[in-house]
Each structure stands twice: as structure tokens, then as C-alpha cells.
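Trainee: Build me a structure from this.
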Amino acid sequence: MKVYLDNAATTQLDPEVLEVMLPLMTEQFGNPSSIHSFGRAVRSSIERARKSIAGILNAAPAEIFFTSGGTEADNTAICSSIETLGLKHAVTSRIEHHAVLHTLEHLQKTGRIQLSFVDLNEQGEVDLQHLEELLSFNSRSLVSLMHGNNEVGNLLDLNAVGDICEKYNAVFHSDTVQTMGHYKHDLQQIKANFIVGAAHKFNGPKGIGFLYVRPGIKIMPFVHGGAQERNMRGGTENIYGIVGLAKALEIAYRDMDDHRSHIEGLKTRMIAKLRAEIDGVTFNGNSSDLEKSLYTVLNVSLPPSEISDMLLFNLDIAGIAVSGGSACSSGTDIGSHVLNELQIDPERANVRFSFGKYNTEGEVDYAVKTLADLYKKESVIV
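Mentor: Reported below is the predicted structural model:
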């Protein structure tokens, strides 16, 4: 049996998305910057997609810029805002995605910013009082905090952070890659200056994403070399990716309530079965709390065992695709920076299960049974 439970890494392409992408790969092949009819036809497809995404998110089309994915969108928001707006201070957390964390650390290392880290509690929740203190002692700052943590699933209160940033005239960027397409975002209500999306996290194609830039914020391009995206990103557009992104987001919003109910059911089922089948199982961060975590992510901490080091390999051999991270460093494997920061016991094995709309109860049951059987054997020959 083959079971894919790594949807936080990437998701299966929806057939409806592929259907709208195919004509852009075969028949409508013009360069959207060309002025002839072939180019104009493709250009109109891009702008229809932009308008669709903006409408779904309650934004204006001029506020949506297409990128190669979430990483480029994050880098654009961070680097371009710091350079264009002359920001000298930034605040983030130590459990951000590396697209944010490594970017800000690089800017600090090269002397362009002073970087502060907001305190977290033992569950990895942001200390909002400390965030306010950091902003009160610094001039205008960039705040970059993710909406949903990709490893432990913790959810951030965007409105609370947005209110604090507004109070201190801070620029607020949130990596919303894990929540886009799974939660509704009304950009007239969220006080973020920048949010991002990546299509492959919600059953769209890889290699395409977008950056939302709030009106009143003007930044310079991150990628130079052309006048595409209204002079905001050089390079010929990924037209079939853009159209696929728009369709995937449309489907995600259309079916969101049903998909959430289905996926939450799978997560709840796995939590209950793991507790029943494996003594000493716990859950990292807030991932077992449906109110405080992504309904798509469950980060499981398993009791110390001689099979811990080979657990992911044995699950893969059994046909189960998941991801994991050790809180310790071993050789060149530095493990998960998120679990390290949360000080998870290095003797425990940690596995991230992440669910999607195509997963079934049978797959969850098989994954739990396989995991429980591995622990009962206490040793595995690979």
C-alpha cells in the first residue's frame, strides 16, 4: 500500500487544474510580452488569473505579483522592503521557515539590519508582549512571522500581530504558504503589508507563487531584467503555472469547508489511534490542538527506541511518505531547527504527518498500524 502523508511539503495536482493548464502548454504558446495576437491571448490569460486571485482574497489585481514560489515571494517582501524603505531593524522568530530565517540572518550578517528574535513559549507560541517591547525600543521595523508553522502547525493570530505592527508603524510580512488555500484570507481585514502563496501547497503546480503588496507600500524589484509584472519582476511569466495557481485557489475556496471537515477528521482519527496504540506518544508544538494548529499538520513525538534512527526509512519501505526531524545534530544532519528551538528530547523520534484532500481513513489506519508494529518489534532489519 502506498500512502502519501507529506502534503505540507507538496500536494498532488488536482485534475481540474491540469485541465486548464494543458492548453497553455500546447496551443496558447505565445510570449505574453509580444504585441501580436499570440502574445495578447496569453497576456489576457495572465490578467484573468490575477483578477481571479485578487477577487478571492478581497484585494485589487494590481496588488498581486506572480513569483516562482513562496521562497521568492518571501525574499522579495523582506529584501525589497528593507532596501526600499530604509529599514534598519527586523523582528522574527527562530522557528520561521528558512526562506525567512536564512534571508534575515544573511541581511544581519552583511550589516544591513539589526535582527531581533521574539520570545516563544515551550509550545512555540509567539510572545506578543515581547513583540511589542521589541518594537517600542526600535525605530520603524520589519516584522516577519509566519501564519502557520510548516513543522509543528502552530497558528499565529494575524490580527493581533497586525494591530501591534500598526501601533508602532512596523511593516508586517507573514509567510502564509501553509495556510493559503486552506484558510480564508480577507486582505481588507488582515493588517499585513505582505502575504505570500505557493500553488503546490494547495493542489496546484510547482514553481509558481505570488506576493501580495498592500497599497501604500512601494518596493523595488527583487528580480531584475525585464518589465514584467508591472516592472516588479523581470522574466517571462510562467503562464501555465499562473493559470494553474488561479484555478487551484478557486477550487480550494470552493471546496474549503468540505475539505477541512474531511481532513480534520483524519487528523483527529490519527491522534486518537496513536494514543491508543503507542504508549508515551506526545505531540510537538500545538499540533494536537485543532484550535491552535493547522488542521493539515500533526507532528508526532515517539518514545525513545532502538528503531528511532531508521524510523523514516522503515516507514518509506512500508510505502508511507512522511517527513521528520531530529532535535539533535548527527554528523551532517543538523535536524530540525524548529524542534531544536522547542528543546524536544533528542532521544525521541519525531515524525510530521501532513494530510490532504485525497487522503483516506484507511491510509491513516495503515500508517498508525505500521508505526505501532515497528515499535512492538523494537528492532527492524532494513
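
Trainee: Quick one: distance of stretch 151-170 to the chain centre.
Mentor: Here the centre of stretch 151-170 is set off from its chain's centre by 16 Å, with C-alpha atoms, centre = their mean, to the nearest Å.

Trainee: er, stretch 265-277 I mean
Mentor: Worked out by C-alpha atoms, centre = their mean, stretch 265-277 lies 24 Å from the chain centre.

Trainee: how is the chain carved up into domains?
Mentor: The chain breaks down by automatic domain parsing into domains covering 15-254, 255-377.

Trainee: any idea of the mean pLDDT in the last one?
Mentor: The predicted model assigns domain 255-377 a mean pLDDT of 90.

Trainee: who touches the nearest residue to Ala160 once chain neighbours are set aside in this structure?
Mentor: Distances taken as C-beta to C-beta, 6 or more residues apart in numbering put Leu128 closest to Ala160, at 5.9 Å, once the chain neighbours are dropped. Just so you know, the C-beta spots here come from the backbone N, C-alpha and C atoms, and that holds for glycine as well. Leu128 sits next to 157, 160-161, 164 when contact means C-beta atoms under 8 Å, 6 or more residues apart in numbering.

Trainee: Next one: Leu128 from Thr176, what distance?
Mentor: 18 Å (C-beta to C-beta, to the nearest Å).

Trainee: what do you get for Lys206?
Mentor: 18 Å.

Trainee: of the two, who's got more company?
Mentor: Neighbours per residue, other C-beta atoms under 10 Å: of Lys206 and Thr176, the larger number sits with Thr176, 28 against 16.

Trainee: so who does the more buried one touch?
Mentor: Thr176 neighbours (C-beta under 8 Å, 6+ apart): 146-148, 185, 195-197.

Trainee: one step back: quick one: pLDDT of the residue nearest to Ala160?
Mentor: Model confidence at Leu128, given as pLDDT, is 98.

Trainee: unless I'm mixing things up, Asp6 is touching Val322, no?
Mentor: Yes - the criterion here is C-beta atoms under 8 Å, and Asp6 meets it with Val322 at 5.6 Å.

Trainee: Now do the shared contacts for those two.
Mentor: With C-beta under 8 Å, 6+ apart, Asp6 and Val322 have common neighbours 352, 354.

Trainee: looking at the domains of the chain, which is closest to Lys2?
Mentor: Ranking the domains of the chain by proximity to Lys2 (C-beta to C-beta) places domain 255-377 first, at 4.6 Å.

Trainee: if we can go back for a sec, so for Asp6 and Val322, which sits in the more crowded spot?
Mentor: Val322 (22 against 18).

Trainee: Against Ala8, how distant is the more buried one?
Mentor: From Val322 to Ala8 the distance is 10 Å (C-beta to C-beta).

Trainee: any shared contact partners between the two?
Mentor: 352, 354.

Trainee: does Asp365 really touch Lys273, like I thought?
Mentor: Yes - if you go by C-beta under 8 Å, Asp365 and Lys273 touch, sitting 6.9 Å apart.

Trainee: Helix or strand: which one has the closest residue to Val281 other than its chain neighbours?
Mentor: Once flanking residues are discounted, Val281 sits nearest to Leu274: 5.0 Å by C-beta to C-beta, 6+ apart. Taking DSSP states H and E as the definition, one finds Leu274 inside helix 256-277.

Trainee: Can you list the buried residues in that helix?
Mentor: Buried positions in helix 256-277, judged by neighbour count with 16 or more other C-beta atoms under 10 Å: 256, 259, 262-263, 266-267, 270-271, 273-274.
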